[in-house]
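Undergrad: I need the structure of the sequence given here:
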Amino acid sequence: MRRRAAIMLMVLLGVALSGCGGQEPAGPGGEQLTLAAPRDLVAGPQDPYFTHQTLGVWEPLVSVDDKLRPVPALAASWAGADRGRRWTFTLRDGVKFSDGTPLTAESVVANIKRFLRIAPRQSAFFSLDAGMEVAYGKLGDVRAENGKVAFILKEPVADLPSRLAGFYSMVQSPKAFTSSGDFAGKPVGTGPYTLVDWTKGQEAVLAANPHYHGTAPAYKKIVIKVIPDANARAAALRAGEVDGLIDKGALLPGQVAAVSGDSGFRVLRSPSVLTHYLTFNATRKPFSDARLREAADLAIDRQAVAGTLLAGTARAGAGFLSPVFGDLADPDITTGYDPGKARELVATAGAPAEPVNILISSAETGQFPYTDIAEVLRATLEKAGLPVKVTVAEATKSVMEAGDYDIFLSAYSVPNGDADYLFRRFLRSDASWNVERRLGYRNAEFDELIDQAATQTHPAARRDLYHRIQRLLATDRPMIPLAYQDNPIVTGSKVSGVTQSVAYVVDLGKLAPLK
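TA: The predicted model follows:
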């Protein structure tokens, strides 16, 4: 019944959108653009970053291309030495912060040392709760040398530029921070926009940065509205109240076809690093028993989830790493759909007396059809002999830390171009996520392999290590990839210059009215 209601809602949405192509969006013809996102892209002065990278307020040293390879941002180039124990970054010339002061190597060093000082700290975007070794390895020193930034490491890091990409090399003016590491006022970055106003949970107002080192943005003002409900976002787009929808989960998968079919809108679909995972609580029964994790794995029809529930905007999951990781992802890992064997495993191991609790986040139900997916998982697992209940919670972190769940359905990505983040933050035996959120995964071979891969500078040898790691995870099943998600976003047809990275960052500085 719930699935039928969801389909009917999508049909009605399609009808409503099909009649609105003639409406003119509010902003693209003038100096202001209004967009909407499912979440607040501003987190405030206690957050390590204050704003998400998408807002274009700050820039990192390094960014990534569409294959998650490191590319220059504020760093024009870099060089490694001493087999990965020393990395030197040369800065782009002529860059100023939005307050007019110049970017220097010293200011970059101050940002890195701030991260080291404040970690571990939570973030609405990418937390520093795992400590900065996840980002920088075992860092001996970071310093300015003749206008360059030098990282000196106690142990080799094979891919420091990839680790630094994005959030972990955010650069803002040191004047923006207090001694505690909080922000003293508004953020002061080098990006195409500045944050001029923010109402928590409602909207952020951006203004063009007059000191921006690149091409001046076409829009002098951009307003980003926060609209968590997916249907309300689509209604705002339909009514011309916003000129586009951005960020992860901007459009629900079931909305994509209707919006794409309307000439008044342009939908951009691009592969993303987002992967839907099922995380098991293996610290208690039933999933402390590996046979029941395997049963749950075999009971799930991933093709149906990706093709129907995610409406073709995703690919069925297999290996732990998404294909956007290139040759680091193991293409030889496959997953089976075998409900008969799943029932046999449950019968052998014994069905649990209490229902299995599938946990989902209320925030993510506005980005992905998790309520529908959870209901399908419930029916699927019950056919295999596992009774199930579904819990929707706002504070999933506290629920997981209390151990009051059996399976957690959520989407994860990386803040950079480095696969080590996923392994080291989530699954290493001493990883904060693993320990505090009750995954219960302990495998000395896994720990040794990820440590070897982190220091392996030979690309082929590193690839082989990551393939071994993924084969191990495919056997142990602490987390299983359900689907690899595209990220559809949409703008009015009169907005040009829309691009989106695999980390679902939209370059606001490139948006412009269609001429």
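
Undergrad: neighbours of residue 74, how many?
TA: Using other C-beta atoms under 10 Å, residue 74 has 24 neighbouring residues. Using the backbone N, CA and C atoms, a C-beta is placed for each residue, glycine as well.

Undergrad: check contacts around it.
TA: Residue 74 sits next to 59-61, 91-92, 95, 103, 108, 169, 171, 190 when contact means C-beta atoms under 8 Å, 6 or more residues apart in numbering.

Undergrad: so what pLDDT did it get?
TA: On pLDDT, residue 74 comes in at 98.

Undergrad: do residue 25 as well
TA: pLDDT, residue 25: 42.

Undergrad: picking up where we left off before, identify the farthest-apart pair in the contacts of residue 74.
TA: With C-beta to C-beta as the measure, no two of the contacts of residue 74 lie farther apart than 95 and 169, at 13.9 Å.

Undergrad: give me phi/psi at residue 275?
TA: Reported as degrees, to the nearest 10, the phi and psi values for residue 275 are phi -130, psi 130.

Undergrad: any idea how far it lies from residue 437?
TA: Per C-beta to C-beta, to the nearest Å, residue 275 is found 17 Å from residue 437.

Undergrad: now swap in residue 233 and tell me
TA: 30 Å.

Undergrad: more neighbours: residue 95 and residue 169, which one.
TA: Neighbour count, other C-beta under 10 Å: between residue 95 and residue 169, residue 169 has more, with 27 against 18.

Undergrad: excluding its backbone neighbours, what's nearest the more buried one?
TA: Leaving out its chain neighbours, the residue that sits closest to residue 169 by C-beta to C-beta, 6 or more residues apart in numbering is residue 61, at 3.7 Å.

Undergrad: list the contacts for the one you found?
TA: Residue 61 sits next to 73-75, 89, 108, 149, 164, 169, 171 when contact means C-beta under 8 Å, 6+ apart.

Undergrad: now for the residues you listed, which pair is the farthest apart?
TA: Farthest apart among those by C-beta to C-beta are 73 and 149. That separation is 12.9 Å.

Undergrad: those two: which has the busier surroundings?
TA: In terms of neighbours (other C-beta under 10 Å), residue 149 is the more surrounded of residue 73 and residue 149; the figures are 28 against 20.

Undergrad: tell me how many other residues crowd residue 152.
TA: Residue 152 has 16 neighbours, counted by other C-beta under 10 Å.

Undergrad: hmm, I typed the wrong one, I wanted residue 267.
TA: As a burial measure, residue 267 scores 20 neighbours (other C-beta under 10 Å).

Undergrad: report the contact partners of it.
TA: By C-beta under 8 Å, 6+ apart, the residues touching residue 267 are 251, 256, 259-260, 488-490.

Undergrad: what's near enough to touch residue 334?
TA: Contacts of residue 334 by C-beta under 8 Å, 6+ apart are residue 318.

Undergrad: quick one: it from residue 343, how far?
TA: As judged by C-beta to C-beta, residue 334 and residue 343 stand 21 Å apart.

Undergrad: same check on residue 355?
TA: For residue 355, the distance to residue 343 equals 17 Å [C-beta to C-beta].

Undergrad: so residue 158 makes contact with residue 455?
TA: Yes. Counting by C-beta atoms under 8 Å, residue 158 does reach residue 455; the two are 6.0 Å apart.

Undergrad: related to what we said a few turns ago, more neighbours, residue 355 and residue 343?
TA: residue 343 (18 against 15).

Undergrad: can you tell me the SS state at that one?
TA: helix (DSSP: H, G, I helix; E, B strand; the rest coil).

Undergrad: residue contacts, it?
TA: Contact analysis of residue 343 by C-beta under 8 Å, 6+ apart lists 295, 383-385.

Undergrad: same check on residue 216?
TA: 192, 208.

Undergrad: look up the pLDDT of it for me, please.
TA: Predicted confidence (pLDDT) for residue 216: 96.

Undergrad: show me where the stretch 101-250 of the chain has strands.
TA: 139-145, 148-153, 170-171, 193-199, 203-208, 221-226, 244-245 (DSSP state E, counting those that start in this stretch).

Undergrad: out of residue 275 and residue 437, which sits in the more crowded spot?
TA: Per other C-beta under 10 Å, whichever of residue 275 and residue 437 has more neighbours is residue 275, with 26 against 22.

Undergrad: bridged to that one, which residues?
TA: Going by DSSP bridges, residue 275 is paired in beta bridges with residue 412, residue 484.

Undergrad: do I have it right that it meets residue 409?
TA: No. Assessed by C-beta under 8 Å, residue 275 is found out of contact with residue 409, at 11.7 Å.

Undergrad: shared neighbours, those two?
TA: Common neighbours of residue 275 and residue 409 are listed as residue 482 (criterion: C-beta under 8 Å, 6+ apart).

Undergrad: how about the strands of the stretch 101-250 of the chain in CSV, adding distance to residue 392 and mean pLDDT?
TA: Converted to CSV, the strands of the stretch 101-250 of the chain look like this (distance: least, C-beta to C-beta, whole Å; pLDDT from 0 to 100):
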stretch, distance to residue 392, mean pLDDT
strand 139-145, 40, 97
strand 148-153, 43, 98
strand 170-171, 33, 98
strand 193-199, 27, 98
strand 203-208, 26, 98
strand 221-226, 20, 98
strand 244-245, 23, 98
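
Undergrad: so which of those strands is nearest residue 330?
TA: Nearest of those to residue 330, taken as C-beta to C-beta: strand 148-153 at 27.8 Å.

Undergrad: pairing partners for the closest one, with directions?
TA: For strand 148-153, the paired strands and their directions (DSSP bridges) read strand 86-91 (antiparallel), strand 139-145 (antiparallel).

Undergrad: kindly reformat the ones you listed as a markdown table containing distance to residue 326 and mean neighbour count.
TA: Shown next, in a markdown table, are the strands paired with strand 148-153 (distance: least, C-beta to C-beta, whole Å; neighbours: other C-beta atoms under 10 Å):
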| stretch | distance to residue 326 | mean neighbour count |
| --- | --- | --- |
| strand 86-91 | 21 | 20 |
| strand 139-145 | 27 | 15 |
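
Undergrad: which one of the contacts of residue 61 is nearest to residue 320?
TA: Relative to residue 320, the closest of these is residue 164; by C-beta to C-beta it sits at 22.8 Å.

Undergrad: show me what contacts that closest one?
TA: The neighbours of residue 164, taking C-beta under 8 Å, 6+ apart as the test, are 60-62, 70, 135-136, 416.

Undergrad: do the same with residue 319
TA: Shown in contact with residue 319 (C-beta under 8 Å, 6+ apart): 329-331, 333, 470, 474, 481.

Undergrad: among the residues you listed, which two are most distant?
TA: Farthest apart among these by C-beta to C-beta are 331 and 481. That separation is 13.5 Å.

Undergrad: so for these two, which residue has more residues nearby?
TA: Between residue 331 and residue 481, residue 481 has the larger neighbour count (other C-beta under 10 Å), namely 24 against 10.

Undergrad: nearest residue to the middle of this protein?
TA: In the chain, the C-alpha nearest the mean C-alpha coordinate belongs to residue 413, at 3.7 Å (C-alpha atoms, centre = their mean).

Undergrad: okay, now the closest residue to residue 425 other than its chain neighbours: neighbour count?
TA: Nearest non-adjacent residue to residue 425, counting by C-beta to C-beta, 6+ apart: residue 130, 4.5 Å away. If you count neighbours by other C-beta under 10 Å, residue 130 ends up with 20.
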